[in-house]
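>>> generate coordinates for the sequence data below:
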Amino acid sequence: MPVFTEYQGPAILFSVTSLVATPVILFFFRQYYRGLDYLQMCYIFGILMANGSFSASLSASMLDFDHSFFKSSCQQGEFACGAGVQLSFLIILVAVLIGAFVFAKFQEKCFERIIVEYQTLYNGLKGFIKWIYLPLTFYSMSFMLFGSNSNSTNPSNLAGSIIVLIIVILFPFAQLAAYKIFPRDDTPDVRIWLEFGMYLRLLATGILCALSIYYNERKYLSCLLIFLAPYTAVSLIFGEFKYKIVERVIFCVGEAAFLILYFIFTYNPQAMIDSNLDFFFFLFVIYMEVTLYIVRGVRKY
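Numbers count the residues shown, from 1 in each chain. Presented below is the predicted three-dimensional model:
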């Protein structure tokens, strides 16, 4: 029997916690909070493999941000409607980033001392990209696959999904190039490459999940392990750990719990619905992630 019958409250709580933690961890540690990665991967796994589970209800974690800019200009089933929430959030985020850039340049021209650098502002905001990156990858890839084989698909609808897919594919490479062109002393190479790996993991998840639902074959979901496990191993070996042993143990336990969650989703999804296993595993993974940064914070201060 499920422990919970109503998921919206816990889903929103998870999202609020992750969104609050994201800029704080980026500001103090210059690293992404992986809770948003777990949140969105569990959501995609849920809607594909365990509809009716807690993870499938994580759409509620968008905090009722359903005031899509595209509601009045799109029809049901179009890409702009299906991914309207994420696209609207992306537009707002890009506008804020542009505003931050203008503010940073204004400081350089009008003040003798720079109050805050653009890189600092960007570091505090870029983490929110993770909230929409995986859903946009999944939705754009899905719409492109289904739309390309449908005679009734609006060409502009198909073009929109292709453009968004190209953007999400190019973004990790563009950010990597920016790091290399404008290097910073507080951003070591290992952090840059692990951040790049995070995006590739999300990108692969979105594309493989879309292929799985299009071809109705679970082998694509099994291929995810090719991207999930190596990233964990590389992070464990080359990642930045202040307490070399303690932090690695916490990191490893959290990642192992998520990999177990992935295997249950893949091979026994009904257990998610019957016992809310995804809720408890996800809660444990988030707890381990928060504990990791608490340990780092104690070590730093």
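
>>> does V96 lie in a helix or a strand, and which?
helix 84-110 (DSSP states H and E).

>>> and that helix, what does it pack against?
helix 118-125, helix 129-148 (3 or more Cβ pairs under 8 Å, 6 or more residues apart in numbering; DSSP states H and E). From N, CA and C alone the C-beta is placed, and that goes for glycine too.

>>> how about 10 Å then?
helix 79-82, helix 118-125, helix 129-148, helix 155-181 (3 or more Cβ pairs under 10 Å, 6 or more residues apart in numbering; DSSP states H and E).

>>> so who does G35 touch?
Applying Cβ atoms under 10 Å, 6 or more residues apart in numbering to G35 gives the contacts 14-15, 17-19, 21-22, 25, 127, 130, 282, 285-286, 289-290, 293.

>>> quick check: it vs N51, distance?
23 Å (Cβ to Cβ, to the nearest Å).

>>> same check, this time on S142
15 Å.

>>> which one's more surrounded, the two?
S142 (22 against 13; other Cβ atoms under 10 Å).

>>> isn't that one up against A210?
Yes: taking Cβ atoms under 10 Å as the definition, S142 is a contact partner of A210 at 4.4 Å.

>>> what residues do these two have in common as contacts?
Common neighbours of S142 and A210 (Cβ under 10 Å, 6+ apart) are L165.

>>> please name the nearest non-neighbouring residue to V290.
Spatially, and ignoring its direct neighbours in sequence, V290 is nearest to A21 (7.0 Å; Cβ to Cβ, 6 or more residues apart in numbering).

>>> residues near the one you found, how many?
Residues near A21, counting by other Cβ under 10 Å: 18.

>>> cool, and L224?
L224, neighbours per other Cβ under 10 Å, totals 20.

>>> and for the one 10 residues further on?
Other residues near V234 number 14, with proximity taken as other Cβ under 10 Å.

>>> same question, C81
Neighbour tally, C81, other Cβ under 10 Å: 17.

>>> quick check: the nearest residue to I132 once chain neighbours are set aside vs P188, distance?
Nearest residue to I132, sequence neighbours excluded (Cβ to Cβ, 6+ apart): Q86, at 4.2 Å. Q86 is 31 Å from P188, where distance means Cβ to Cβ.

>>> higher neighbour count, the two?
Shown here are Q86 and P188; by other Cβ under 10 Å, Q86 has more neighbours (23 against 13).

>>> might one say that the more buried one is in contact with G206?
No: checked against Cβ under 10 Å, the pair Q86 and G206 is beyond contact range at 11.5 Å.

>>> can you list residues touching both of those two?
Contacts common to Q86 and G206, judged by Cβ under 10 Å, 6+ apart, are 133-140.

>>> any chance of those in TSV, plus neighbour count and pLDDT?
Output for the shared contacts of Q86 and G206, formatted as TSV (neighbours: other Cβ atoms under 10 Å; pLDDT from 0 to 100):
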residue	neighbour count	pLDDT
Y133	23	86
L134	25	86
P135	23	85
L136	24	87
T137	28	90
F138	26	89
Y139	25	86
S140	28	88
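
>>> of all the helices and strands packed on helix 84-110, which lies closest to Q40?
Q40 sits nearest to helix 129-148 of all the helices and strands packed on helix 84-110, at 4.0 Å, using Cβ to Cβ.

>>> packing partners for the closest one?
Checking 3+ Cβ pairs under 10 Å, 6+ apart, helix 129-148 ends up next to helix 8-29, helix 35-49, helix 79-82, helix 84-110, helix 155-181, helix 189-215.

>>> buried deepest among the ones you listed, which one?
helix 35-49 (a mean of 24; mean count of other Cβ atoms under 10 Å).

>>> distance from it to the middle of the chain?
Offset of helix 35-49 from its chain centre (Cα atoms, centre = their mean, to the nearest Å): 9 Å.

>>> quick one: mean pLDDT over stretch 283-294.
On average, the pLDDT along stretch 283-294 is 78.

>>> how about L145: what's its closest non-neighbour residue?
Y214 (4.4 Å).

>>> look up how far I286 lies from that neighbour.
Y214 is 31 Å from I286, by Cβ to Cβ.

>>> likewise for E78?
34 Å.

>>> ok so, going back, so what's the residue nearest to L145 scoring on pLDDT?
87.

>>> please name the residues that touch it.
Counting by Cβ under 10 Å, 6+ apart, Y214 has contacts 141-142, 144-146, 148-149, 220.
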